[in-house]
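In: Give me coordinates for this.
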Amino acid sequence: MIKALYGMLALIGLGFLFAGLKVIAPSGRQDRELAWFPLVPEDDVPRSGVKKSELVYAVSGRERKARVFIVASSGKLTVLSAVCSHLGCLVNYRKESKEFVCPCHGGKYDIAGRNIAGPPPAPLASYPVDVKNGMIMVGVKV
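Out: Numbers count the residues shown, from 1 in each chain. Okay, the predicted model is just below:
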């Protein structure tokens, strides 16, 4: 009898959980527009290598911040999120091994942000990049 009551309460709890997730993550999220925000002056970016930076932008009147890495390699510029795809810890860059490492569970990513070891289920998120009037601009979905 008690086990049946616990089972019913668990099912009710799961129902509330799924309803809450639907509210928190609405289905039309992928259709958001891209807005461009300045990151750093183009002259502050190394010709090759990795530079840590902070992206500050506003969405719906609220200021947001994101730690990012600017990766310059083979004449290409990439901006990667510093948030591990496993549990959201902030990764660090190891210059000697040219990889990003998550201190929480040992996840590793290569210089392009692809997951190469440990538990991360996906690569590091990347941002669209453009250079306008000497500024590195980063695209963010708003």
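
In: Show me the shaky parts of this protein.
Out: The model of the chain has pLDDT under 70 over residues 1-31.

In: Now with 80, please.
Out: Where the chain drops to pLDDT under 80, the residues are 1-32.

In: Let me see the backbone angles for residue 43.
Out: phi -70, psi -20 (degrees, to the nearest 10).

In: can you offset everything so residue one is 26?
Out: Let's use 26 as the start, then, which means that last one is residue 68.

In: where exactly do the helices run in this protein?
Out: Along the chain, the segments classed as helices by DSSP state H run 27-49.

In: so where do the strands sit in it?
Out: Counting by DSSP state E, one finds strands in the chain at the ranges 59-66, 74-84, 87-98, 101-106, 117-119, 124-126, 133-134, 140-142, 151-152, 154-157, 160-166.

In: Please produce JSON lines containing these, extended by mean neighbour count.
Out: To be clear about C-beta, it is placed using only N, CA and C from the backbone, and glycine gets the same treatment. Below are the strands of the chain laid out as JSON lines (neighbours: other C-beta atoms under 10 Å):
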{"stretch": "strand 59-66", "mean neighbour count": "16"}
{"stretch": "strand 74-84", "mean neighbour count": "15"}
{"stretch": "strand 87-98", "mean neighbour count": "16"}
{"stretch": "strand 101-106", "mean neighbour count": "18"}
{"stretch": "strand 117-119", "mean neighbour count": "15"}
{"stretch": "strand 124-126", "mean neighbour count": "20"}
{"stretch": "strand 133-134", "mean neighbour count": "22"}
{"stretch": "strand 140-142", "mean neighbour count": "16"}
{"stretch": "strand 151-152", "mean neighbour count": "18"}
{"stretch": "strand 154-157", "mean neighbour count": "12"}
{"stretch": "strand 160-166", "mean neighbour count": "18"}
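
In: check contacts around the nearest residue to residue 107 once chain neighbours are set aside.
Out: In this structure, residue 107 finds its nearest non-sequential neighbour in residue 92, 4.0 Å apart by C-beta to C-beta, 6 or more residues apart in numbering. Residue 92 makes contact with 77-80, 106-108, 115, according to C-beta atoms under 8 Å, 6 or more residues apart in numbering.
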